[in-house]
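**Student:** Take a look and give me a structure for this.
(one chain, ligands or ions: 1)
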Amino acid sequence: MRDLSVKRSVDLSALWSITALLLLTSASCGAGDQPNPRDVENISGIDNLIAEIAKIDFDPDIDPFHQNMRLGRGINLGNALEAPYEGKWGVSLDESYFQIIAEAGFNSIRIPIRWSGHAKMEPPYEIDPDFFSRIDWAIEQTLSRNLIAVINMHHYEDLMEQPQSQKERFLALWDQIAARYRYESVDLFFEILNEPTLNLTPELWNEYLEEAIGVIRKTNPSRLIIIGTALWGEMFALEELILPEDDRNIIVTIHYYRPFAFTHQGAEWIPWSHLWLNLEWIGDQSDVQEVDYDLKHLQSWSVENNRPIFVGELGTYYRADIRSRIRWTEYVTRQSEQKGFSWAYWEFGAGFGVYDIARADWNYSLLNALIP
Ligand code: BGC
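**Tutor:** Model prediction:
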């Protein structure tokens with residue numbers, strides 16, 4: 001996880017210089033001296049110092065790097081609430097899942113949600129109240145176990161295909177979500193959109209994300225917001241991502257599935273992926289070099305832009321051999337942690353799953369790779 005000591009020592013040295021200046025200023029105005037109200041320079045000097053102090057961030061709760069450390073090791077409760085309807089893709093959420101995730105040592109749960117499938121198509125695009133209650137429940141199950149909850153907007157396919165005509169609806173959905181959870185714990189994070197792609201180009205995405213932040217900030221001025229890159233959440237789209245400079249309460253997310261042919265071998269929804277079957281990930285020099293290169297690039301971007309990184313999805317499909325899956329998972333998660341990134345495994349109990357819902361037990365070798 002990121003070493004915060006550098007930032008803290010900068011803060012402390014700033015505090016010491018300001019305190020020293022304040023002492024000097026008050027010392028120069030000796031006992032019995034009346035401050036001259038017309039001495040505007042003197043007064044505004046002190047005001048400026050006080051303003052400087054106010055700017056210093058002493059509260060770790062609002063430091064996004066600190067929040068990212070708290071996000072830590074996470075898991076996606078995938079194939080449930082982002083399916084066309086819950087259960088359609090084989091996963092219906094059960095209270096016990098939240099408990100076993102907490103007991104396994106995860107710090108956070110990312111809850112993918114298909115809001116667009118549960119809202120009216122006409123203004124004001126009302127979200128189905130029953131669906132909203134179900135999301136309330138999932139958030140409560142997470143927060144009540146001291147886990148951070150990330151809710152996102154997943155599989156909004158119409159927005160990817162026809163961004164212009166869907167924009168108003170997209171923003172109206174966020175308006176409702178943000179208003180509903182405005183008083184919810186600070187441990188609830190909002191992720192604006194999963195994997196922007198197709199006609200929602202990097203340029204358009206920059207516009208839309210800024211407007212979505214504006215909508216959210218009306219009701220949630222200090223909520224932590226997670227923002228992903230365009231081009232399916234690709235890390236190389238980071239170069240095109242433009243975030244509002246003055247909003248620092250943001251974590252940037254990318255998805256990591258490289259080498260794609262290895263992680264997605266035999267995935268039924270990827271044409272020709274059966275040709276990739278039997279690809280192994282040995283963890284030899286060329287395997288790790290590829291991952292190292294990617295993560296180093298991510299880290300440089302993070303440092304240069306002073307934004308924390310959440311690898312919001314990483315995982316391997318069950319068709320790959322389990323030994324390779326374990327090696328890849330262990331390597332990618334440990335290396336991410338060393339670079340200060342948080343992560344969330346894709347996903348809990350379906351095709352990439354680390355938990356076997358039918359057997360009601362973990363795949364312990366994979367779980368140990370995630371949480372040693
Ligand atoms: C998609 C899933 C997919 C996964 C891995 C997710 O973002 O929503 O449908 O299984 O990525 O490809």
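**Student:** pLDDT weak spots in this protein?
**Tutor:** Confidence mapping of the chain against pLDDT under 70 gives the ranges 1-61.
**Student:** hmm, 90 instead?
**Tutor:** 1-62 (pLDDT under 90).
**Student:** Which stretches in it count as strands?
**Tutor:** In the chain, the strands defined using DSSP state E lie at 73-76, 108-111, 148-151, 188-191, 225-228, 250-256, 309-314, 342-345, 355-356, 361-362.
**Student:** So for the ligand, which of the ones you listed sits nearest?
**Tutor:** With Cβ to the nearest ligand atom as the criterion, the ligand lies closest to strand 309-314 of the strands of the chain, at 5.5 Å. C-beta: built from backbone N, CA, C; applies to glycine.
**Student:** Who are the packing partners of the closest one?
**Tutor:** Packed against strand 309-314 by the contact rule (3 or more Cβ pairs under 8 Å, 6 or more residues apart in numbering; DSSP states H and E) you find helix 64-71, strand 225-228, strand 250-256, helix 285-305, helix 322-338, strand 342-345.
**Student:** go with 7 Å
**Tutor:** Counting contacts by 3 or more Cβ pairs under 7 Å, 6 or more residues apart in numbering; DSSP states H and E, strand 309-314 packs against strand 250-256, strand 342-345.
**Student:** Let me know which of the ones you listed is tucked in deepest.
**Tutor:** Compared across the helices and strands packed on strand 309-314, strand 342-345 shows the largest average neighbour count, a mean of 27 (mean count of other Cβ atoms under 10 Å).
**Student:** export it as CSV, just CAs?
**Tutor:** The C-alpha trace of strand 342-345 is given here as CSV (Å, rounded to 0.1, in the frame of the first residue of the first chain):
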residue,chain,number,x,y,z
SER,A,342,-6.3,-1.6,-4.1
TRP,A,343,-8.0,-4.4,-6.0
ALA,A,344,-11.2,-6.4,-6.3
TYR,A,345,-11.3,-9.9,-7.7
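**Student:** now check it, is it near the ligand?
**Tutor:** No: figure legend: strand 342-345 not in contact with the ligand (Cβ under 6 Å from any ligand atom); closest approach 11.0 Å.
**Student:** what lines up beside that strand in the sheet?
**Tutor:** Sheet pairing of strand 342-345 (DSSP bridges) gives strand 73-76 (parallel), strand 309-314 (parallel).
**Student:** what would the ones you listed look like in a markdown table with distance to the ligand?
**Tutor:** Output for these, formatted as a markdown table (distance: least, Cβ to the nearest ligand atom, whole Å):
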| stretch | distance to the ligand |
| --- | --- |
| strand 73-76 | 8 |
| strand 309-314 | 6 |
